[in-house]
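K.L.:
Here is the input, now give the coordinates:
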Amino acid sequence: MTVRKILQPFYTAYAVITFLIGLFINFPFFVLISLGNNIAARRTIYKIIRYWAKAWLWLTGLSLEIIGQKPPGKRYIIVANHISYLDTVVVFSGLPGYFRALGKKEFSKIPVMGFLYKQIVIMVDRSSKFSRAKSMRLMWRVLKKESDILIFPEGTFNETGKPLKEFYDGAFRLAITTQTHIFPIIFPDTVDRWHYSVWWKIWPGRNRAVYLEPVEVTGMTMEDLPALKQQVYNAMETALVKYKA
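P.N.:
Alright, predicted model coming up:
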């Protein structure tokens, strides 16, 4: 039996316990702040989560290196690959500035975490045409009045064995409709730290958040959507292959 197999359960227990301690320490503040139910309240909750995420990654030895730079002064639709449970922690520590994410509605039913999820995430039920349309309207409003939007265009974990799974249209439709440029980011290492297939196996090590060049959408129409989606897909796939190597 290897050292990793022996230590794995102890490290996982440590990681889970420290995460839960952070959650329950911060939860009363989340409840109080959420009473404001406005942009200022959401920004405050975001800041707490960001510092909590940074502290937890440091405590668990899951270091984060940021490669590249986000151009200042603009709102973006941020798109990232999704292949690990760790992605949802790394995004708060690794993404620059305040943002709101698009997420699955069913996660809001998780005890305690579900409450926090509802405060900061724009929820969508992908099986409902009405829910998808409502989430698009909400994201349009957030882009105009509040912040960047984060979308995982693969929709769920990539279990294909390829660098990326096929993208949904939503992020690119929103980009064209609002004329908001796309800012791609990749997380090449999170799957090695916390694999999507087994939630109880976490292991310390380096994580990287790699900022790619923004993709401009000025003047694009819905006829350009397939080409835009493929352009972003190709850029992210190429970067993932490069950094995984």
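K.L.:
all helices of this structure, in order?
P.N.:
Assigned by DSSP state H, the chain shows helices spanning 3-34, 39-59, 87-94, 113-120, 129-145, 170-178, 190-193, 225-244.
K.L.:
among those helices, which gets the worst mean confidence?
P.N.:
Confidence, taken as mean pLDDT, is least for helix 113-120 of these (a mean of 77).
K.L.:
how about the helices of the chain in a markdown table, adding mean neighbour count and distance to Q69?
P.N.:
(Glycine included, C-beta is placed from N, CA and C.) Converted to a markdown table, the helices of the chain look like this (neighbours: other CB atoms under 10 Å; distance: least, CB to CB, whole Å):
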| stretch | mean neighbour count | distance to Q69 |
| --- | --- | --- |
| helix 3-34 | 13 | 29 |
| helix 39-59 | 16 | 18 |
| helix 87-94 | 22 | 13 |
| helix 113-120 | 16 | 25 |
| helix 129-145 | 14 | 21 |
| helix 170-178 | 21 | 21 |
| helix 190-193 | 21 | 21 |
| helix 225-244 | 16 | 15 |
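K.L.:
Just tell me which of those ends up closest to N158.
P.N.:
helix 190-193 (8.5 Å; CB to CB).
K.L.:
any idea how far the closest one is from the chain center?
P.N.:
Here the centre of helix 190-193 is set off from its chain's centre by 15 Å, with CA atoms, centre = their mean, to the nearest Å.
K.L.:
Dump that helix to PDB, restricted to CA.
P.N.:
Provided in PDB are the C-alpha atoms of helix 190-193 (Å, rounded to 0.1, in the frame of the first residue of the first chain):
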ATOM      1  CA  THR A 190      -8.200  20.600 -10.600                       C
ATOM      2  CA  VAL A 191      -9.100  17.200 -11.900                       C
ATOM      3  CA  ASP A 192      -5.800  15.800 -10.500                       C
ATOM      4  CA  ARG A 193      -6.500  17.400  -7.100                       C
END
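K.L.:
Any idea what I151 is bridged to?
P.N.:
V79 (DSSP bridges).
K.L.:
for stretch 193-207, the distance to its chain's centre please.
P.N.:
16 Å.
K.L.:
Would you mark the buried spots in that stretch?
P.N.:
Residues 193-196, 202-203, 207 are the ones in stretch 193-207 that count as buried (16 or more other CB atoms under 10 Å).
K.L.:
For those residues, name the two members farthest from one another.
P.N.:
That would be Y196 and N207, which, of these, are the farthest apart (CB to CB) at 14.9 Å.
K.L.:
of the buried residues of stretch 193-207, closest to P72?
P.N.:
For those, the nearest to P72 is N207 (23.9 Å; CB to CB).
K.L.:
Please look at T44 and I33 and confirm they touch.
P.N.:
Yes: counting by CB atoms under 8 Å, T44 touches I33, with 5.2 Å between them.
K.L.:
Return the residues in contact with the residue nearest to V241 when sequence neighbours are not counted.
P.N.:
Using CB to CB, 6 or more residues apart in numbering and skipping residues adjacent in sequence, the residue nearest V241 is P163, 5.8 Å away. P163 makes contacts with 81, 236-237, 240-241, 244, as judged by CB atoms under 8 Å, 6 or more residues apart in numbering.
K.L.:
circling back to that earlier point, between the buried residues of stretch 193-207, which is closest to W58?
P.N.:
Comparing the buried residues of stretch 193-207 against W58 with CB to CB places N207 closest, at 11.7 Å.
K.L.:
what pairs with the closest one across the strands?
P.N.:
If you apply DSSP bridges, the partners that N207 bridges to are L64.
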